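*Asks:* Got a sequence here, can you model it:
(one chain, ligands or ions: 1)
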Amino acid sequence: MAKEKMVISGGATLEGTIRVSGGKNTSVAVLPATLLADDVCHIENVPDIEDVHALVDMLRKLGAKVDYEGPNSLRIDPRTVDTWHVSYAEAKRMRASYYFLGALLGRFGKADVAYPGGCKIGSRPIDGHLKGFSALGAETEVKGGRITAEAAELKGTDVFFDLITVGGTINVMLAAAKARGTTVIYNAAKEPHVVDLANFLNSMGAKIKGAGTDIIRIRGQEKLHGTTYAVIPDQIETGTLMIAAAATHGDVTIEGCIPTHMEALSAKLMEMGVRVTDNDDSIRVKMLAAHRSVNIKTQVYPGFPTDLQQPMSALLTTAHGTSVIQETIFESRFRHLDEIARMGAHVRVVDRTAIIEGVPQLYGAPVTVTDLRGGAALLVAGLMARGITEVYELDYIDRGYEHIEKKLCSLGADIRREPAD
Ligand code: EPU
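*Replies:* Sure thing, here's the model as predicted:
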């Protein structure tokens, strides 16, 4: 397909109600996890995004029968899967291809997956995942751009993570769900998608307790059955829409979200002077007056999520005062700020810290997306700016946000997709 750009005519106020899509980072774990089932799985509330399309391709290449039962529902029959190899062409399409390691290891006792791709936001090693597999009794090797893991029998054990890792926690859960005996993960990640993946596996008959705390206990099962499961709403899309509402001095209600997942962001927005009101499954964000600067340090859940640091930093470029953002999770997650500087932002990045001196106004300019959440940041900047912002390299945004410009336009934004020059 020909490359496209988004053309944003800035300055519109976002108003109204919008429904959030299903979680990307949950779906990209749940889809590979279906390989562990002995029967058909029906997965609902799956976002219609490129990362999901890529995973569907990968599952089909492995031999699974995958059918869309609706734009957001998949029927996955993993019984016909007969290989444990994932090619470079497939794996490089996304980071989450590493979940095929845990899922194939659990299913076949072996996995051979090319090194994963994904956004260039830091070095992103997966040594913790491999240590976890080794602890379960697998021989692992990284050679020639491929990762192999093989075990005559996976045996439950204690797994200690030196560093909290979302991907590593999920990968060990996947393999351990089919291991003999009990695995206990210490220093586990507590992100909502870790909990959702555990709930999904439990709906297939797995015995996982403690997900959402830093100790997860998994009693391995010989068989896991098919299931019907709806993934949780997307925490990061919810947050991006909340930030976009604030950025445009809007009044937006985001429906179908889980407000407790948004506490860190809500607290920061309120500190900036934004009104945030929670209901059972919706959040209303209303900007009352000009917003104040705040300091942010990204942390593992329930701290401020790194995935929202980028759109939030866009909002802070027009705050009153100077904000300091410390990015503690990934080494290189400020590249979007170079682009927003082209729009008039005053920003200085020193190592993993960004110092943002608020300016009264951004001005539209051509900008280029460098990674998924950086793309969301550029959309927020374009919505705030005076004049026209052209956003290039939309593939990153399409990987992780379902029809984002349509959603924003339904709230009053003026965004068009056009062929890129
Ligand atoms: N790390 C290691 N060794 C490991 C694993 C991680 O050193 O074995 C380091 C990483 O380099 C990073 C930190 O630990 O500095 C955290 O990495 P983590 O494993 O938690 O992240 P991830 O699994 O690579 C997932 C999400 C990211 C999200 C992070 C943090 C998926 C597919 N990706 O990445 O999402 O930022 O957790 O919450 O779920 C995104 O959606 O845009 C995105 C990048």
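*Asks:* who touches Tyr301 in this structure?
*Replies:* The contact partners of Tyr301, taken as CB atoms under 8 Å, 6 or more residues apart in numbering, are Ala189, Lys190, Glu191, Pro192. To be clear about C-beta, it is placed using only N, CA and C from the backbone, and glycine gets the same treatment.
*Asks:* Quick check: the third one touching Gly303?
*Replies:* Put plainly, it is Glu191. No: the criterion here is CB atoms under 8 Å, and Glu191 misses it with Gly303 at 10.4 Å.
*Asks:* Which residue of the two possesses the greater neighbour count?
*Replies:* The neighbour count for Glu191 versus Gly303, taken as other CB atoms under 10 Å, is higher for Glu191 (24 against 15).
*Asks:* if we can go back for a sec, could you restrict the contacts of Tyr301 to the ones contacting the ligand?
*Replies:* Subset of these in contact with the ligand: Ala189, Glu191, counting by CB under 6 Å from any ligand atom.
*Asks:* which ones among the contacts of Tyr301 are found in helices?
*Replies:* Within the contacts of Tyr301, residues falling in helices by DSSP state H are Pro192.
*Asks:* what about Ala175, neighbour count?
*Replies:* Neighbourhood size, Ala175 [other CB under 10 Å]: 32.
*Asks:* which SS state does it fall under?
*Replies:* When classified by DSSP: H, G, I helix; E, B strand; the rest coil, Ala175 comes out as helix.
*Asks:* Surely it and Phe100 touch.
*Replies:* No: the criterion here is CB under 8 Å, and Ala175 misses it with Phe100 at 11.3 Å.
*Asks:* Number of residues surrounding Gly132?
*Replies:* 27.
*Asks:* so it is in which element?
*Replies:* Using DSSP states H and E, Gly132 maps to helix 127-135.
*Asks:* Now do that helix: everything it contacts.
*Replies:* Residues outside helix 127-135 that contact it (CB under 8 Å, 6+ apart): 98, 101-102, 105, 140, 142, 147, 149, 151, 157-159, 161-163, 165, 167-168, 171-172, 175, 185.
*Asks:* Just the ones of the residues you listed in strands?
*Replies:* Thr140, Val142, Ile147, Ala149, Asp158, Val159, Ile185 (DSSP state E).
*Asks:* for these, which one is nearest Ile126?
*Replies:* Here the nearest of the ones in strands among the contacts of helix 127-135 to Ile126, counting by CB to CB, is Ile147; it sits at 7.5 Å.
*Asks:* OK, contacts around Tyr98?
*Replies:* Per CB under 8 Å, 6+ apart, neighbours of Tyr98: Ala91, Val113, Pro116, Ile126, His129, Ile147, Gly167, Asn171.
*Asks:* In this structure the third one contacts Lys92, no?
*Replies:* Yes: the pair Pro116 and Lys92 passes the contact test of CB under 8 Å, sitting 7.4 Å apart.
*Asks:* State the distance from the closest residue to Thr83 other than its chain neighbours to the ligand.
*Replies:* Distance criterion CB to CB, 6 or more residues apart in numbering; nearest residue to Thr83, sequence neighbours excluded, is Leu62 at 5.8 Å. From Leu62 across to the ligand, the span is 19 Å (CB to the nearest ligand atom, to the nearest Å).
*Asks:* Ok, Val172 next?
*Replies:* Counting by CB to the nearest ligand atom, the separation of Val172 from the ligand is 11 Å.
*Asks:* same deal with Val184?
*Replies:* 18 Å.
*Asks:* Tell me who's in contact with that residue.
*Replies:* Applying CB under 8 Å, 6+ apart, we find Val184 in contact with Thr157, Asp158, Val159, Ile215, Ile216, Arg217, Ile218.
*Asks:* Can you give me the end-to-end span of stretch 20-38?
*Replies:* Distance across stretch 20-38, first residue to last, is 31 Å (CA to CA, to the nearest Å).
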